[in-house]
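Q: A predicted structure for the sequence below; I have some questions about it.
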Amino acid sequence: RSSPLAGANNIDLADYVGRLAWVADWGEVGLNGYMVDIKDGPIGTKGALGVDYRFNLPFNLTLLGEYVDQEDRALGIYSRGIYTRLNYDLSDVVPGLRPFVGYEHSFDNVGSAGVWSDNESTYLAGIRYSVYHGVTLGCELLVGDSDLHSGGNLINRLEVRF
């Protein structure tokens with residue numbers, strides 16, 4: 001969310017995303033990659049690689065997260081981030097209702113490949129409600145140590161997945 005790369009290419013519908021995962025009863029572990037369309041630059045100059053996980057825990061809890069390493073060599077921007085989230089499934093009480101808490105942290109390196117700086121730590125709490133297949137309503141409160149989230153931000157979402 002706070003990375004300089006986050007808004008760099010958010011409208012291009014020709015980008016490529018791939019994911020390979022090992023799925024078991026206990027959860028899953030995956031590798032994922034992102035590459036922009038070739039017309040936006042030579043192969044390997046922009047993109048991201050990540051490792052993600054999801055563990056099914058007792059008492060309807062799910063622990064999930066991801067480590068992402070992304071770069072735009074043309075702009076000299078490199079960013080690393082990690083997030084983790086703990087979801088609680090309340091579907092026994094209200095089908096589709098999931099409150100969560102989480103933590104995100106990012107490191108940025110702009111211009112110099114050897115100097116990394118802590119960019120932001122963000123704590124979040126929220127709730128999501130699956131209305132219908134692929135449609136989710138959500139609300140998140142983000143509180144962090146940067147100017148963006150220092151006083152807290154409330155984010156409302158409508159997600160539609162196909």
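A: Alright, I've got the coordinates.
Q: how far away is residue 83 from residue 106?
A: Distance of residue 83 to residue 106, computed by CB to CB, to the nearest Å: 9 Å. All C-beta atoms are positioned from the backbone trio N, CA, C, and that covers glycine.
Q: In the chain, where is pLDDT below threshold?
A: 1-15, 37-45, 110-119, 145-152, 161-162 (pLDDT under 70).
Q: residue contacts, the spatially most distant residue from the centre of it?
A: Seen from the C-alpha centroid of the chain, the residue lying at the greatest distance (CA atoms, centre = their mean) is residue 93, 27.7 Å away. Going by CB atoms under 8 Å, 6 or more residues apart in numbering, residue 93 touches no other residue.
Q: Could you verify that it is part of a helix?
A: No: per DSSP: H, G, I helix; E, B strand; the rest coil, residue 93 lies outside any helix segment and is coil.
Q: quick one, which of residue 83 and residue 106 is more surrounded?
A: residue 106 (24 against 18; other CB atoms under 10 Å).
Q: So which other helices or strands are in contact with the longest strand seen in the chain?
A: With secondary structure taken from DSSP state E, the chain has its longest strand at strand 117-132. If you count contacts as 3 or more CB pairs under 8 Å, 6 or more residues apart in numbering; DSSP states H and E, strand 117-132 packs onto strand 97-110, strand 135-144.
Q: partners of that strand in the sheet?
A: strand 97-110 (antiparallel), strand 135-144 (antiparallel) (DSSP bridges).
Q: and the angle for the very next helix or strand once past the last one with strand 117-132?
A: The one in question is strand 135-144. Following strand 135-144 in sequence order, the next helix or strand is strand 153-160 (DSSP states H and E). Inter-element angle recorded for strand 153-160 and strand 117-132: 50 degrees (by axes from the mean of the first three to the mean of the last three CA atoms, to 10 degrees).
Q: Can you spell out which helices and strands pack onto strand 153-160?
A: Secondary elements touching strand 153-160 (3+ CB pairs under 8 Å, 6+ apart): strand 135-144.
Q: if we go to 10 Å?
A: Strand 153-160 is packed against strand 117-132, strand 135-144, with contacts defined by 3 or more CB pairs under 10 Å, 6 or more residues apart in numbering; DSSP states H and E.
Q: and residue 32, which of the helices and strands packed on strand 117-132 is closest to it?
A: strand 97-110 (16.9 Å; CB to CB).
Q: May I have the closest one exported as PDB, CA atoms only?
A: Extracted C-alpha coordinates of strand 97-110, given in PDB (Å, rounded to 0.1, in the frame of the first residue of the first chain):
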ATOM      1  CA  LEU A  97     -18.600 -12.800   8.300                       C
ATOM      2  CA  ARG A  98     -14.800 -12.700   9.000                       C
ATOM      3  CA  PRO A  99     -13.100 -10.200  11.400                       C
ATOM      4  CA  PHE A 100      -9.300  -9.900  11.200                       C
ATOM      5  CA  VAL A 101      -6.200  -8.200  12.700                       C
ATOM      6  CA  GLY A 102      -2.900  -7.800  10.900                       C
ATOM      7  CA  TYR A 103       0.500  -6.200  10.500                       C
ATOM      8  CA  GLU A 104       2.200  -4.800   7.400                       C
ATOM      9  CA  HIS A 105       5.800  -3.500   7.000                       C
ATOM     10  CA  SER A 106       7.600  -2.200   3.900                       C
ATOM     11  CA  PHE A 107      11.200  -1.300   3.100                       C
ATOM     12  CA  ASP A 108      12.100   1.000   0.100                       C
ATOM     13  CA  ASN A 109      15.300   1.600  -1.800                       C
ATOM     14  CA  VAL A 110      15.100   4.500  -4.200                       C
END
